[in-house]
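J.: Got a predicted structure here, sequence first:
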Amino acid sequence: MELSDIQTFAAVARTGGITRAAEELNTVQSNVTQRVKALEAEIGTPLFERHSRGMTLTAAGKRLLPYAQKMAALSHEAVLAARDDGEPKGPLAIGSMETTAAVRLPPLLADFHRRFPAVRLTLRTATTADLVAAVLDGVLDGAFVAAPIEHADLVAISAFREELVLVSARRWTSLKELRAGTPESGPTALVFRTGCTYRQRLEQIFVEFGWPSAARCELGTLDGMIGCVAADMGVALLPRAVVERNTMIGSVSIHALNPVHARVETLFIQRRARHQYSALSGFISCLKTDEDVIAA
């Protein structure tokens, strides 16, 4: 069983398709297809169901995935451990939710760059679900995700605490007015794609407000989402700090929520590993937190 085949299988499982997996692995689609077929031939059973919307795991693929994740991550960890001489340097791949990257990370990344200029840092934004999978697969060395996260192979550090708020167009000055002035089905929910923790929480809020069947509109960028809110296309659930620092703050209204819905913790997660290499240790040392390390 070739390690490259296992890594390719894990990437297709995580991204849900050949095209996105090829982009992530920096290779051509035909190579991804060939490696998946080779692995299926070696194991003797299909690992994916092919359909028009992409690829999903078969029962056999689901059983293989945890082992593939561990093999890919252990290979990545072994290379890093062998190269690590105690001096923070070389590549470091960090992931983050887009909202965290927009507001919380710039000072942290600047501090890290000043202290460890020999480290080649890359930052990737995605949903919490995708970031967790990428850390487990060894594609990312660590990531900022929304709590709670429960996985035996992960360790988490409390990084930030956010207050989530409902954001609407400026003309809606209160939640009462918004609820009275929108259709019975509710306003359109402006959300990031499936796997976003804030999306899940907004959907819970809509159920409580009596809007379970409200329309959803997926958007790919934070600025695009706030711009659509300002244009009265719908409402969004975002951290207060993100909205208040946005240039369009004067065009939207911020609505406070019950603490049960408003409070959210951002965690920095990494794989539970025998060796924590120097570049990642340096990054963690820059995190401004008083919290203890906790098991995810």
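T.: Thanks, I have the structure now.
J.: low pLDDT regions in the stretch 1-150 of the chain?
T.: Regions of the stretch 1-150 of the chain meeting the criterion pLDDT under 70 are absent.
J.: show me where it has strands.
T.: Taking DSSP state E, counting those that start in this stretch, the strands of the stretch 1-150 of the chain run over residues 48-51, 54-57, 90-96, 119-125, 142-146.
J.: which helices and strands does the second one pack with?
T.: Based on contacts counted as 3 or more C-beta pairs under 8 Å, 6 or more residues apart in numbering; DSSP states H and E, the elements that strand 54-57 packs against are strand 48-51. Where C-beta positions appear, they are placed from N, C-alpha and C, glycine not excepted.
J.: now do the third one
T.: Counting contacts by 3+ C-beta pairs under 8 Å, 6+ apart, the secondary-structure elements packed against strand 90-96 are strand 119-125, helix 128-137, strand 142-146, helix 278-285.
J.: again, only using 7 Å
T.: strand 119-125, strand 142-146, helix 278-285 (3 or more C-beta pairs under 7 Å, 6 or more residues apart in numbering; DSSP states H and E).
J.: any idea which of the ones you listed is most buried?
T.: strand 142-146 (a mean of 26; mean count of other C-beta atoms under 10 Å).
J.: Taking strand 90-96 as reference, get the angle to that one.
T.: 10 degrees (axes from the mean of the first three to the mean of the last three C-alpha atoms, to 10 degrees).
J.: just checking, what packs against strand 142-146?
T.: Looks like strand 142-146 contacts strand 90-96, helix 128-137, strand 263-271 (3+ C-beta pairs under 7 Å, 6+ apart).
J.: Figure out which of those is closest to Arg14.
T.: With C-beta to C-beta as the measure, helix 128-137 is the member of the helices and strands packed on strand 142-146 nearest Arg14 (4.6 Å).
J.: buried ones in that closest one?
T.: Of the residues in helix 128-137, those buried under the neighbour-count criterion (16 or more other C-beta atoms under 10 Å) are Thr128, Ala129, Asp130, Leu131, Val132, Ala133, Ala134, Val135, Leu136, Asp137.
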